[in-house]
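Participant: A structural model of the following input is requested.
(chains A and B)
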2 protein chains.
Amino acid sequence: MKKIITISREFGSGGRTIGKRLAEELGVPCYDSEIIEKVAVESGFAEEYIKDKGEYTQPSLIMGLFTNRTLYTGPSNEDKIWIIQCKIIKELASKGPCVIVGRCADYILRNRDDLMKVFIYADIEERAKRIVEHYGETHEDPIKRLKDKDKRRAAYYQHYTDMNWGASRNYDVCLNSSVVGIEKSVKILKDIALNAD
Amino acid sequence: MKKIITISREFGSGGRTIGKRLAEELGVPCYDSEIIEKVAVESGFAEEYIKDKGEYTQPSLIMGLFTNRTLYTGPSNEDKIWIIQCKIIKELASKGPCVIVGRCADYILRNRDDLMKVFIYADIEERAKRIVEHYGETHEDPIKRLKDKDKRRAAYYQHYTDMNWGASRNYDVCLNSSVVGIEKSVKILKDIALNAD
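Facilitator: Predicted coordinates for the structure are as follows:
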């Protein structure tokens, strides 16, 4: 049985909903906003700031090579958040079976034998529809917003884990929720988690 | 319902077995060696030659830029095989529901609405064990053989499709057969194929 399940997901793919429903089905906690709250308490940074800095690369990280930031001035805020985030995710996983959504938990917990790593993605048109429904319209085209988010999330993942975000080999199961559906994904993941060695 | 299922797979991952079992479960044909036979008849090349050239890049394709091959001398044997392979795969899919293993069928049939694209991979130690069991020992280390095969297959896929082989977004479902298991993978894929829109 796989006791710790990490759900990495594209923004707007329904991955968070799948994580919450899966945790309900398995009768275990789902950690998502709890992680942000805990990192906020421990780091002193605001939750909104962590929400963004704990999963998305900032332009400064990409541009580092071309700016004064190459002059080492100690760990950046992103690095401080990363270190606290790693510690909190390991602590949560050590408490017992759970589902953890996002925040590179797949990489942070990679050495555990009881880990199942899931990646949820979806067709970009469906993701665009979903983010407009959930978060409302903005002045920016939703597809452009998604592509920008994907790029920053992939760069963050690459920076801290040195792996490609979304490369199937980093995960045990990858599902396109547009094709498989939210409830079917929950059913499949539950089945695998309960039956895997 | 998804009527045409393509199984892309890492060498030694059990993807071919999953494809065959899935086809049995669905009561549809599984095309694998049939494609090679048909390409052989149509092209005049030997089956063994096509088996390799229809999925793996040759060093000449990688080295092309640095050799006389940049001097265009008409389509290469690889290009001729690719064109015939595309035609045959489209013909087979047009005959009715089926499972097609390998040979970039996911890309060749990408415009069909009734297509389900699957990627099967596995932990390298299990793949090494499997290829030694199936194909016997050689003088070369099995893990080195696998890494070489992966590299050549990825380069072939990239060359003809301009996409990354194994990037989850190219597929609808990606399963690590070491974690999910062969029979459970068959069950999951059958369930998705029969229930997807």
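Participant: could you look up the next helix or strand downstream of the worst-scoring helix or strand of chain A on mean pLDDT?
Facilitator: One helix or strand of chain A scores below all others by mean pLDDT, DSSP states H and E: helix A:59-63, with a mean of 52. The helix or strand immediately downstream of helix A:59-63 is helix A:77-94, counting by DSSP states H and E.
Participant: which neighbouring elements make contact with that next one?
Facilitator: The helices and strands touching helix A:77-94, judged by 3 or more CB pairs under 8 Å, 6 or more residues apart in numbering or on different chains; DSSP states H and E, are helix A:33-43, helix A:47-53, strand A:98-101, helix A:105-108. Any C-beta I mention is one placed from the backbone N, CA and C, and that applies to glycine too.
Participant: chain B: which of the ones you listed is closest?
Facilitator: helix A:105-108 (12.5 Å; CB to the nearest CB).
Participant: give the rounded mean pLDDT of the closest one.
Facilitator: In this model, helix A:105-108 carries a mean pLDDT of 95.
Participant: mind listing residues that contact that helix?
Facilitator: A:6, A:8, A:85-86, A:89-90, A:93, A:115, A:117, A:157, A:160-161, A:163, A:170-171 (CB atoms under 8 Å, 6 or more residues apart in numbering or on different chains).
Participant: pull the CA coordinates from that helix and hand them back as PDB.
Facilitator: C-alpha atoms of helix A:105-108 as PDB (Å, rounded to 0.1, in the frame of the first residue of the first chain):
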ATOM      1  CA  ALA A 105       6.400  17.200  -2.300                       C
ATOM      2  CA  ASP A 106       7.100  14.400  -4.800                       C
ATOM      3  CA  TYR A 107      10.800  15.400  -4.900                       C
ATOM      4  CA  ILE A 108      11.000  16.300  -1.100                       C
END
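Participant: chain B contacts on chain A?
Facilitator: A:2, A:116, A:119, A:121, A:164, A:166-169, A:171-176, A:179-181, A:184, A:188, A:191-192, A:195-196 (CB under 8 Å from any CB of the partner chain).
Participant: mind checking which of those are in helices?
Facilitator: A:Val179, A:Val180, A:Lys184, A:Ile188, A:Asp191, A:Ile192, A:Asn195 (DSSP state H).
Participant: distance check, the nearest residue to the last one once chain neighbours are set aside against A:Leu26.
Facilitator: With CB to CB, 6 or more residues apart in numbering or on different chains as the measure, B:Lys184 is the residue that lies nearest to A:Asn195, at 6.3 Å, once sequence neighbours are left out. Plainly put, B:Lys184 is 17 Å away from A:Leu26 if you go by CB to CB, to the nearest Å.
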